[in-house]
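Undergrad: starting from these lines, generate the structure:
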Amino acid sequence: MNKRTDLSVPDFDNEDSNTTNNPTFDAVLQARLSRRSILRGSLGTAMTAAFGGLSLTACGGGGGDDTPATTAPAGSTERLLAFGAVAKTLADTVTVPAGYTATVVLATGDRLFSDVPAYTDDGLNTRYDRRSGDCHDGMDYFGLSATGTPDANSSDRCLLGMNHEYITPLFLHANGPTAGANRVASEVDIEVDAHGVAITEFKKTNGKFALVLDSAFNRRITGLTEIEIAGPARGNAKLVTKFSADGTKTRGTLNNCGTGKTPWGTLLTGEENWAGYFKRTAGDATNRATVLGADANVALNRYGRGEGASRYNWETAGSDDKYARWDMTLNPAAAADGSEDYRFEINGQGYMTEIDPYSATSVIKKRTALGRFAHESAAFSNPVVGKPLAVYMGDDSRGEYVYKFVSTATWSAADANPANRVATGDKYLDSGKLYVAKFNSDGSGDWVELSLNNPTVAGYTTYVFDDEGDVAIHSRLAADAVGATKMDRPEWCGTHPTTGEVYFTMTNNSNRRVSPTGSQLGVDAANPRGYTDIKGVSTTQSGNVNGHIVRIKEAGGEPGALTFTWDVYLFGAESAASPTLINLSSLTDDQDFSSPDGLVFSKATGICWIQTDDGAYTDVTNCMMLAGVPGTVGDGSNVTLNYGATSVTTKVGKKPTESTLKRFLVGPSQCEITGLAETPDGKVMFINVQHPGEDTTDVNNRSTYGSHWPGNSGYGAGGNTARPRSATVMITKDDGGRIGS
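TA: Have a look, this model is predicted:
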């Protein structure tokens with residue numbers, strides 16, 4: 001998830017619309033602890049030692065042991081985590097272990113087709129529908145044979161399906177966005193096109209992958225691309241717009257964060273913080289209540305879209321329909337069904353969207369059966385012939401939920417390489433049951449069905465659902481109805497390739513308290529920490545500041561199970577923090593981290609790769625990626641956190657050792673590390689660096705840029721004073737071995 005930089009409009013990236021009274025497990029007193037005073041002993045010892053200079057691109061260090069004790073899967077004698085742990089650093093570069101090389105292969109603005117000029121470091125680049133978009137995020141690898149057919153085992157030629165989550169407008173234009181009440185149309189066109197998804201071909205030459213310019217597979221899906229609505233909400237009255245009077249299509253996919261690769265070889269892209277892209281004029285709530293009824297405002301408020309300005313003011317760029325669509329204000333004089341305005345335009349966003357990467361002309365579909373919320377990634381259960389498929393998902397906002405979709409169809413081995421991948425998606429993703437999770441304090445959990453077959457959903461009085469399509473469109477409200485457990489921003493999830501257990505990152509939650517007031521959330525077994533942390537000298541941060549990772553084990557290993565067990569795999573914390581209240585995983589200096597976000601399991605090695613999107617520990621280190629070799633649910637113990645008069649007990653996984661968790665990478669300044677794709681042989685990894693230099697405010701004073709990466713690393717135009725760009729990085733091991741070994 002992106003950190004917010006546009007402060008002139010509401011904070012849609014930290015949306016907090018869950019005001020339900022869904023129960024928590026244990027009420028306890030607020031912990032008022034400072035990580036650098038109480039936790040370290042005194043404020044005088046708060047500051048870590050200054051780094052003695054910039055890190056090299058590859059380095060050892062951190063006291064890491066080069067003799068790990070974990071063996072790779074599939075009978076290999078190769079040892080995992082054999083690299084020296086990378087030290088925390090504030091260097092404006094990508095730092096990887098000694099023996100590894102990181103190479104930029106695709107950055108914001110790079111052309112995918114030769115009919116547009118190469119990127120220039122001046123903000124004058126146009127036609128982002130033909131270039132790499134901005135803010136690279138989730139990513140998946142799709143193998144190609146030498147003849148250009150799908151080949152899941154190919155490690156020499158591939159397609160990368162990549163999200164472009166949002167934009168940094170300051171660097172997309174020559175002098176930043178032009179000031180004024182109305183946006184410049186040509187600038188808005190760039191910004192809309194810089195969103196969405198890219199499908200790009202890469203081919204290995206002399207052992208290194210490089211972009212294939214003008215590949216027939218190269219494709220850009222933007223904020224304007226026509227997309228079909230599929231599943232139970234297709235044709236629903238609440239999807240009718242001026243563009244689609246029958247409610248069967250929409251335009252664009254927005255704020256795409258995590259991804260998921262389907263077992264039949266397509267890309268699922270999650271639409272996350274989309275609510276803020278639409279304007280809602282003052283007085284709209286009154287008009288909606290009059291025309292549509294009170295429930296219309298209940299629904300919009302629950303999805304964080306009250307009256308107010310849009311994030312980028314795209315609706316002000318002119319009268320053309322492609323700009324008008326961003327104003328969702330209801331016109332009382334228009335047709336009552338919504339076919340003459342864009343009152344329901346917002347309902348076309350917020351889904352898992354499926355793209356066939358192997359066909360640049362294939363239809364794209366939004367899979368509404370998987371629910372509508374702030375989607376991150378999608379993790380499939382390990383396919384078993386004759387069993388249904390489960391798709392696990394998180395809703396990335398404070399106090400939101402963990403979901404599971406279970407297909408009606410059972411898995412057929414023939415569908416691993418089907419003739420029609422989109423039709424196969426219809427088979428598995430348009431019919432099934434959507435569930436939401438309840439995490440119980442004893443380490444058990446329940447999946448609760450979200451449909452009108454559940455009397456609790458059908459009888460909900462806060463919002464009355466019209467039909468099953470309405471449940472899909474407003475799945476957050478259905479989850480409220482059944483009392484799902486409010487979690488600490490559920491982001492990415494991943495399925496362990498051998499155990500089938502599912503891991504969810506809980507990035508952080510500034511609204512979690514031991515003694516909550518107002519809309520704050522109390523601590524509970526699955527979200528047990530509420531503390532105060534001091535960043536730098538005096539910046540106070542409160543809540544679950546550093547985040548944690550929850551994992552679940554389905555009853556009987558069945559994807560359609562209605563119960564599960566859970567524990568916390570890791571608690572993010574700095575190494576010197578209180579071992580009884582914060583650093584519950586006993587992280588060392590080579591392991592400590594904050595705000596886990598991306599999480600991907602390697603199928604080649606079984607390593608769990610953990611990426612951070614942090615603002616809490618960035619006075620000490622840039623965002624990072626760690627490599628873990630986890631155990632299983634229940635391999636740890638119960639831990640009780642005593643907050644004075646009361647306490648809360650949680651389930652903590654087995655504490656990591658230097659052989660089972662190490663820091664592998666640290667990114668450049670002011671970035672997020674996100675996205676991971678790997679060749680089937682495990683020897684090449686691709687990761688994304690998002691929004692380096694995001695805190696920059698003056699585009700015309702290059703000496704004030706928060707980062708100059710990747711230009712300062714020798715990639716592209718600009719050199720040491722370059723505008724920062726999001727980019728995809730290829731990581732290889734110098735000896736040709738598997739990544740992480």
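Undergrad: in the helix or strand hosting Leu300, which residues are buried?
TA: Element membership of Leu300, judged by DSSP states H and E, is helix 295-302. By 16 or more other CB atoms under 10 Å, the buried positions in helix 295-302 come out as 295-300, 302. (Glycine included, C-beta is placed from N, CA and C.)
Undergrad: got it, and stretch 681-693?
TA: 682-693.
Undergrad: render the CA-only coordinates of it in CSV, please.
TA: Taking Å, rounded to 0.1, in the frame of the first residue of the first chain, the C-alpha atoms of stretch 681-693 are listed here in CSV:
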residue,chain,number,x,y,z
ASP,A,681,14.4,-22.3,-11.2
GLY,A,682,14.7,-19.8,-8.5
LYS,A,683,17.8,-18.2,-10.0
VAL,A,684,16.4,-14.8,-10.9
MET,A,685,14.1,-12.6,-8.8
PHE,A,686,12.3,-9.5,-9.7
ILE,A,687,11.2,-7.0,-7.0
ASN,A,688,9.8,-3.5,-7.2
VAL,A,689,10.9,-0.3,-5.6
GLN,A,690,8.0,2.1,-5.3
HIS,A,691,8.0,5.9,-4.9
PRO,A,692,11.7,6.6,-4.0
GLY,A,693,12.0,10.2,-2.9
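Undergrad: can you give me the strands for the stretch 151-300 of the chain?
TA: Applying DSSP state E, counting those that start in this stretch to the stretch 151-300 of the chain gives strands spanning 157-164, 196-205, 208-211, 219-221, 226-230, 249-251, 256-261, 267-271.
Undergrad: check the stretch 451-600 of the chain too.
TA: 487-488, 490-495, 502-506, 512-513, 521-522, 531-535, 539-543, 548-554, 563-571, 596-601.
Undergrad: and of these, who's closest to Gly399?
TA: Set against Gly399 and scored by CB to CB, the strands of the stretch 451-600 of the chain come closest in strand 521-522, at 5.6 Å.
Undergrad: packing partners of the closest one?
TA: strand 512-513 (3 or more CB pairs under 8 Å, 6 or more residues apart in numbering; DSSP states H and E).
Undergrad: and the strand it packs on, which strands flank it?
TA: strand 521-522 (parallel) (DSSP bridges).
Undergrad: show me which positions of the helix or strand hosting Thr424 end up buried.
TA: Assigned by DSSP H and E, Thr424 falls within helix 421-429. For helix 421-429, a neighbour-count test (16+ other CB under 10 Å) marks 421-422, 424-429 as buried.
Undergrad: stretch 231-245 too?
TA: For stretch 231-245, by 16+ other CB under 10 Å, it's 231-234, 236, 238-244.
Undergrad: next one: Leu239 from Asp327, what distance?
TA: Applying CB to CB, to the nearest Å, the value for Leu239 to Asp327 is 17 Å.
Undergrad: can you give me the end-to-end distance of stretch 693-708?
TA: Its first and final residues considered, stretch 693-708 spans 7 Å by CA to CA, to the nearest Å.
Undergrad: buried residues, it. List them.
TA: Within stretch 693-708, the residues that count as buried by 16+ other CB under 10 Å are 693-694, 696, 699, 705-708.
Undergrad: with distance to Gly736 and pLDDT as new columns, can these be given to me in a markdown table?
TA: Written out in a markdown table, the entries for the buried residues of stretch 693-708 read as follows (distance: CB to CB, whole Å; pLDDT from 0 to 100):
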| residue | distance to Gly736 | pLDDT |
| --- | --- | --- |
| Gly693 | 34 | 98 |
| Glu694 | 35 | 98 |
| Thr696 | 38 | 98 |
| Val699 | 42 | 98 |
| Tyr705 | 36 | 98 |
| Gly706 | 36 | 98 |
| Ser707 | 31 | 98 |
| His708 | 31 | 98 |
